[in-house]
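**Student:** heads up, no residue letters with this:
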């Protein structure tokens with residue numbers, strides 16, 4: 001009787017594990033083939049550190065680009081990373097070449113940009129930086145100056161709620177005194193990086209905390225100031241989650257999930273049209289394999305949600321990963337589509353629709 005019971009329990013356990021791993025492989029799109037819709041070239045590799053993790057729209061076709069050398073930073077620690085940069089990219093120009101910005105008054109030893117957000121209301125650029133033991137994970141706030149475009153340091157925001165390497169992205173609230181921040185993970189990364197954990201358990205903990213919570217927390221919140229709406233990209237459910245925000249109390253009210261088909265990373269909102277554009281990871285399986293071996297290509301792409309269509313039936317365009325690895329963020333101007341990647345060594349990708357795309 002006991003043998004039968006144990007055998008039944010074992011079969012049930014194996015069945016549950018099979019369902020779980022099957023679901024994970026489904027979420028990861030491990031067996032899905034993709035037909036490229038985008039033809040891309042790369043620009044900016046000569047002036048950028050590894051990665052162009054986030055863009056934020058400035059004005060007149062100009063975007064700010066973060067370049068924090070995040071791959072070696074997270075893998076091997078701050079000493080392995082180049083000094084990060086903030087750049088501009090003029091999408092109206094024929095020759096797209098990112099320009100490194102001068103920063104006035106910034107005296108910290110390291111700036112390693114991750115997520116960023118430009119506020120039209122306060123003319124401030126908010127930047128998450130991971131300086132680890134040389135300054136921690138902080139929010140760096142800059143005023144944007146013009147003629148030429150440059151930055152002026154205003155202040156830094158730090159907190160015990162920001163362990164090393166945990167915060168991911170941010171957005172300004174209703175005033176300069178209100179910032180919403182999303183987290184990539186709950187526990188701090190080892191200061192020498194995840195590849196230099198001291199014990200087997202620490203390695204396992206780092207890997208698990210880097211991947212499992214990523215499903216729930218690798219998000220970009222975007223606010224539409226005209227109607228107090230907020231949108232969050234949820235990588236696990238492959239959706240954009242819409243919230244209403246009470247401007248008086250700050251309380252959130254869940255509205256709906258908008259299907260996105262693929263895993264999303266950063267999303268941005270066009271405050272004039274209300275449209276949403278995001279960077280997508282069509283195959284998380286390829287992305288995870290690329291993290292371990294850089295020569296394995298990781299496809300990426302862009303997704304467009306139109307407000308006039310109720311954010312339904314988004315347009316999706318995919319690249320094959322041969323020019324830039326995966327996609328963490330996207331922006332467009334006319335027929336130009338510009339893609340960034342957290343771990344690419346090739347700058348940013350400038351893409352156009354291929355002939356097989358409508």
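**Tutor:** All right, it came through fine. Note that the structure is predicted; figures quoted are calculated from it, not measured.
**Student:** who's in contact with the nearest residue to residue 276 once chain neighbours are set aside?
**Tutor:** Spatial nearest neighbour of residue 276, excluding adjacent residues (CB to CB, 6 or more residues apart in numbering): residue 305 at 4.1 Å. All C-beta atoms are positioned from the backbone trio N, CA, C, and that covers glycine. By CB atoms under 8 Å, 6 or more residues apart in numbering, the contact list for residue 305 reads 240, 258, 260, 275-278, 311, 314.
**Student:** so which of these sit within strands?
**Tutor:** 240, 258, 276-278 (DSSP state E).
**Student:** these, buried ones only, as a ChimeraX selection?
**Tutor:** Buried residues among the ones in strands among the contacts of residue 305 (16 or more other CB atoms under 10 Å), as a ChimeraX selection:
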select :240,258,276,277,278
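**Student:** so how far does stretch 290-305 reach from one end to the other?
**Tutor:** The first and last residues of stretch 290-305 sit 28 Å apart, counting by CA to CA, to the nearest Å.
**Student:** list the buried residues for it?
**Tutor:** In stretch 290-305, counting by 16+ other CB under 10 Å, buried: 290-291, 297-305.
**Student:** secondary structure added to those residues, as JSON lines?
**Tutor:** JSON lines is the format used below for the buried residues of stretch 290-305 (DSSP: H, G, I helix; E, B strand; the rest coil):
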{"residue": "290", "secondary structure": "helix"}
{"residue": "291", "secondary structure": "helix"}
{"residue": "297", "secondary structure": "coil"}
{"residue": "298", "secondary structure": "coil"}
{"residue": "299", "secondary structure": "coil"}
{"residue": "300", "secondary structure": "strand"}
{"residue": "301", "secondary structure": "strand"}
{"residue": "302", "secondary structure": "strand"}
{"residue": "303", "secondary structure": "strand"}
{"residue": "304", "secondary structure": "strand"}
{"residue": "305", "secondary structure": "strand"}
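**Student:** what about the helices in the stretch 101-250 of the chain?
**Tutor:** In the stretch 101-250 of the chain, the segments counted as helices under DSSP state H, counting those that start in this stretch are 200-211, 214-217.
**Student:** where among these is average confidence lowest?
**Tutor:** Ranked by mean pLDDT, these end with helix 214-217 at the bottom, a mean of 28.
**Student:** residues in contact with the residue nearest to residue 340 when sequence neighbours are not counted?
**Tutor:** Closest residue to residue 340 apart from its sequence neighbours, by CB to CB, 6+ apart: residue 52 at 3.5 Å. Counting by CB under 8 Å, 6+ apart, residue 52 makes contact with 44, 65-67, 328-329, 340-342, 344, 347-348.
**Student:** go with 10 Å
**Tutor:** 44-45, 65-68, 70, 85, 87, 89, 98, 113, 324, 327-329, 338-344, 346-349 (CB atoms under 10 Å, 6 or more residues apart in numbering).
**Student:** please flag which of the residues you listed sit within helices.
**Tutor:** residue 70 (DSSP state H).
**Student:** quick one: which of the contacts of residue 52 sit in strands?
**Tutor:** 65-67, 85, 87, 89, 113, 329, 338-340, 348-349.
**Student:** in TSV, list those along with pLDDT.
**Tutor:** Formatted as TSV, those follow (pLDDT from 0 to 100):
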residue	pLDDT
65	95
66	93
67	93
85	94
87	95
89	94
113	95
329	92
338	92
339	94
340	93
348	93
349	92
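**Student:** just the buried ones from the residues you listed, in ChimeraX syntax?
**Tutor:** In ChimeraX, this line selects whichever of these come out buried by 16+ other CB under 10 Å:
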select :65,66,67,85,87,89,113,329,338,339,340,348,349
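**Student:** distance to residue 184 for the ones in strands among the contacts of residue 52 - can I get that in JSON lines?
**Tutor:** Conversion of the ones in strands among the contacts of residue 52 to JSON lines gives the following (distance: CB to CB, whole Å):
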{"residue": "65", "distance to residue 184": "19"}
{"residue": "66", "distance to residue 184": "14"}
{"residue": "67", "distance to residue 184": "17"}
{"residue": "85", "distance to residue 184": "21"}
{"residue": "87", "distance to residue 184": "22"}
{"residue": "89", "distance to residue 184": "24"}
{"residue": "113", "distance to residue 184": "14"}
{"residue": "329", "distance to residue 184": "15"}
{"residue": "338", "distance to residue 184": "23"}
{"residue": "339", "distance to residue 184": "20"}
{"residue": "340", "distance to residue 184": "16"}
{"residue": "348", "distance to residue 184": "21"}
{"residue": "349", "distance to residue 184": "23"}
